[in-house]
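In: Next input, structure requested:
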Amino acid sequence: MPFQTPLAIAIYLTIWWIVLFAILPFGVRSSEEEGDTPTGGDPGAPVAPKLWIKAVVTTFVSTILFALFVLYVKWMG
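Out: This is a model prediction of the structure:
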């Protein structure tokens, strides 16, 4: 590993959050789009956001990006 463990964890978590925010909007439909807005509910509220699936996809993508980053730092550093 080209850097210490705490730094590697910080880099991975930063990548993970950035990827999460990039993946969150995919496949989300609002209650207004579904025609199922409850009384007093926000019409922009998501219906079935599937957060567990997005967390798994985020972890997978982040792990690949982190591995590529480590390889880049090893070869260029």
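In: would you list every one of the strands in this structure?
Out: 29-30, 46-47 (DSSP state E).
In: Now mean pLDDT too, for these, in TSV please.
Out: What follows is the strands of the chain, written out as TSV (pLDDT from 0 to 100):
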stretch	mean pLDDT
strand 29-30	85
strand 46-47	86
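In: Can you add distance to residue 3 and mean neighbour count and give those back as a markdown table?
Out: Bear in mind the C-beta positions are built from the backbone N, C-alpha and C, glycine included. Below are these laid out as a markdown table (distance: least, C-beta to C-beta, whole Å; neighbours: other C-beta atoms under 10 Å):
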| stretch | distance to residue 3 | mean neighbour count |
| --- | --- | --- |
| strand 29-30 | 41 | 13 |
| strand 46-47 | 37 | 16 |
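In: out of these, nearest to residue 61?
Out: For the strands of the chain, proximity to residue 61 was assessed by C-beta to C-beta; strand 46-47 is nearest, at 20.6 Å.
In: in its sheet, what does the closest one sit against?
Out: Applying DSSP bridges, strand 46-47 is found paired with strand 29-30 (antiparallel).
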